[in-house]
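> With the sequence up front, the predicted model follows.
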Amino acid sequence: EKGGYEYFMLKEIVEQPRAVADTLLGRVGVEGTLTLDEMRLSAHDLRDISKIVIIACGTSYHAGLIAKYSIEHWCRIPCEVEVASEFRYRDPILDRQTLVIAISQSGESMDTLMAVRYAREQRARVLAICNVNGSTIPRESDGVLYTHAGPEVGVAATKTFLTQLIACYLVGLYLAQVRNQKFGDEINAVIEQLAKMPEQVQQVLDTVEPVRTLARSLKDAKTVLFLGRHVGYPVAMEGALKLKELAYMHAEAFAAGELKHGSIALIEDGVPVVIVVPSREGRGVLHDKILSNIQEIRARGARTIVIAEKGDDAVRPFADELIEIPAVPTLLQPLVSTVPMQVFACELALAKGNDVDQPRNLAKSVTVE
Ligand code: M6R
């Protein structure tokens with residue numbers, strides 16, 4: 001049931017703090033040790049891994065792109081991310097030491113399923129991250145880590161995306177633990193920080209009202225561009241996808257540093273550009289770089305909509321609109337920076353009179369290749 005909301009999507013957005021908490025529940029022990037028993041892959045198997053390949057589609061692919069940053073940083077294992085529909089057609093190099101992570105909310109996306117089958121034929125080990133118990137992809141994988149988001153009815157992935165991120169962080173931390181990486185203190189700090197994330201996501205929801213007003217004001221925009229760096233780049237891609245699928249508008253995401261290599265020519269007076277600013281903590285260089293990217297586009301007439309952590313006063317002079325999110329470590333920032341984008345796309349689509357639960361031409365799970 002819609003629980004008093006007009007659309008499932010609205011309900012699913014506000015359920016995110018709970019979904020995140022439920023996905024963490026029972027997986028982090030008192031001493032910060034992680035138990036992920038449904039993985040069905042032994043610590044021995046995981047110590048042998050020399051490469052990780054993440055395959056997924058759509059929003060799940062964006063979760064994979066974000067996962068790459070933390071997995072490579074914490075585990076020092078090379079990690080590739082690829083859209084499932086491209087994967088098996090390029091003769092990818094896989095073997096027994098490859099861990100393939102298939103991310104799929106439904107567990108039924110045909111593109112992802114075919115990629116999983118292919119990977120297993122090549123003897124790779126496959127771990128599914130999935131939200132639907134007993135669906136096909138986890139049944140055909142060596143192990144599964146379920147996200148506990150509860151049923152998601154709206155076609156647009158929202159709460160399942162945040163829980164996929166949690167699952168990816170847990171896998172990364174777990175791998176780092178079993179492989180005894182040298183980041184022990186950092187790993188423990190992240191585990192502690194993860195426990196606070198439901199509360200941080202709630203904070204975003206509590207302060208998101210101005211985003212709705214802003215979204216309604218952009219109902220007639222021809223395009224919206226999204227910029228990010230580091231994990232903010234896939235977050236920007238997710239923001240653009242949400243806008244396309246719900247509001248039927250042109251939207252495109254760029255790595256902020258790539259803009260000057262061509263796409264900056266798109267910037268003209270009044271073009272709305274949403275920018276995700278990295279946390280200042282530990283990533284000072286990135287933060288400064290994106291400030292100059294914002295200045296460049298603003299000087300060319302862009303209307304800058306800046307998502308930045310609370311207290312980041314340096315961005316204020318360049319933000320036509322400022323959306324504040326809680327300050328969290330950069331690698332975890334997607335958990336909070338995505339939420340205003342979901343609200344933005346949903347509200348803009350509603351302002352256009354679209355059905356946000358059933359956008360045109362789309363199905364919740366895509367069971368054809
Ligand atoms: O069920 P899956 O996670 O495998 O689905 C993948 C995509 O079809 C899905 O994420 C799609 O992009 C969403 N509708 C986006 O909101």
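Okay, I see it.

> Please count neighbours and contacts with C-alpha atoms only from this point.
OK.

> How many residues are close by Tyr248?
When neighbours are counted by other CA atoms under 10 Å, Tyr248 registers 17.

> How about Gly311?
12.

> now Tyr146
Tyr146 - counted by other CA under 10 Å - has 22 other residues nearby.

> for Leu218, same thing?
Neighbours around Leu218, by other CA under 10 Å: 15.

> Could you do the one 10 residues further on as well?
Counted with other CA under 10 Å, residues neighbouring Gly228 total 25.

> Ok, Gly32 next?
Neighbours of Gly32 (other CA under 10 Å): 14.

> May I have the residues that are in contact with it?
Gly32 is in contact with Asn188, Ile191, Glu192, counting by CA atoms under 8 Å, 6 or more residues apart in numbering.

> Nearest to the ligand among those?
Nearest to the ligand among those is Ile191, at 25.1 Å by CA to the nearest ligand atom.

> mind checking the SS state of the nearest residue to that closest one once chain neighbours are set aside?
Excluding its sequence neighbours, the residue lying closest to Ile191 (CA to CA, 6 or more residues apart in numbering) is Gly32, at 6.5 Å. Here Gly32 takes the coil state, with states given by DSSP: H, G, I helix; E, B strand; the rest coil.

> who wins for neighbours among the contacts of Gly32?
Ile191 (20 neighbours).

> and that one, what pLDDT?
pLDDT recorded at Ile191 is 91.

> same thing with the one 5 residues further on?
Per-residue confidence at Lys196 stands at 97 (pLDDT).

> so how far is the helix or strand where it lies off the chain centroid?
Using DSSP states H and E, Lys196 sits in helix 184-206. Taking CA atoms, centre = their mean, to the nearest Å, one finds helix 184-206 lying 16 Å from the centre of the chain it belongs to.

> just to revisit the earlier point, which one of the contacts of Gly32 is nearest Ile71?
Of all the contacts of Gly32, the one with the least separation from Ile71 (CA to CA) is Ile191, at 14.1 Å.

> what about the helices in the stretch 51-200 of the chain?
For the stretch 51-200 of the chain, applying DSSP state H, counting those that start in this stretch gives helices covering 58-75, 84-87, 110-121, 136-139, 159-178, 184-206.

> Nearest to Ile93 among these would be which one?
Taking CA to CA, helix 110-121 is the member of those nearest to Ile93, at 9.5 Å.

> quick one: the closest one near the ligand?
No. Using CA under 6 Å from any ligand atom, helix 110-121 stays clear of the ligand, coming no nearer than 6.6 Å.

> Equivalent analysis for stretch 244-260, please.
No. Stretch 244-260 does not reach the ligand (CA under 6 Å from any ligand atom); its nearest approach is 7.1 Å.

> Pull out the buried positions in that stretch.
For stretch 244-260, burial by neighbour count (16 or more other CA atoms under 10 Å) applies to 244-249, 251-256, 259.

> Quick check: helices, which of the residues you listed are part of them?
Per DSSP state H, helices hold the following members of those: Lys244, Glu245, Leu246, Ala247.

> and the residue of the stretch 201-350 of the chain at minimum distance from the ligand, what element?
Residue nearest to the ligand within the stretch 201-350 of the chain (CA to the nearest ligand atom): Lys242, separated by 6.0 Å. Using DSSP H and E, the element containing Lys242 is helix 232-247.

> by how many degrees do that helix and helix 58-75 diverge?
170 degrees (axes from the mean of the first three to the mean of the last three CA atoms, to 10 degrees).

> Run through who's touching the helix or strand bottoming out on mean pLDDT in the chain.
Counting by mean pLDDT, DSSP states H and E, the chain has its least confident helix or strand at helix 43-47, which shows a mean of 83. Identification of contacts with helix 43-47 by CA under 8 Å, 6+ apart yields Leu175, Val178, Arg179.

> Mind pulling up the pLDDT for Gly282?
Taking Gly282 on its own, its pLDDT is 63.

> if I look at the closest residue to Asn188 other than its chain neighbours, how far off is the ligand?
Among residues not flanking Asn188 along the chain, Gly32 sits closest, at 6.4 Å (CA to CA, 6+ apart). Counting by CA to the nearest ligand atom, to the nearest Å, the gap from Gly32 to the ligand is 29 Å.

> What of Val81?
Distance, Val81 to the ligand, using CA to the nearest ligand atom: 14 Å.

> give the contact list for that residue.
Val53, Ile54, Ile55, Tyr61, Gly64, Leu65, Lys68.

> at 6 Å what do you get?
Neighbouring residues of Val81 by CA atoms under 6 Å, 6 or more residues apart in numbering: Val53, Ile54, Ile55.

> can you pick the most crowded of those?
Ile55 (28 neighbours).

> CA atoms of stretch 171-187 as CSV?
Only the C-alpha atoms of stretch 171-187 are listed here, as CSV (Å, rounded to 0.1, in the frame of the first residue of the first chain):
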residue,chain,number,x,y,z
VAL,A,171,31.5,-6.4,0.5
GLY,A,172,34.4,-4.0,0.1
LEU,A,173,35.0,-3.9,3.9
TYR,A,174,34.6,-7.6,4.2
LEU,A,175,37.2,-8.3,1.5
ALA,A,176,39.5,-5.8,3.1
GLN,A,177,39.1,-7.6,6.4
VAL,A,178,39.6,-11.1,5.1
ARG,A,179,42.6,-10.0,3.1
ASN,A,180,44.2,-8.2,6.0
GLN,A,181,44.8,-5.0,4.3
LYS,A,182,46.7,-2.3,6.0
PHE,A,183,43.7,0.0,6.3
GLY,A,184,42.5,-1.4,9.6
ASP,A,185,41.9,1.9,11.4
GLU,A,186,40.2,3.4,8.3
ILE,A,187,38.0,0.3,7.9
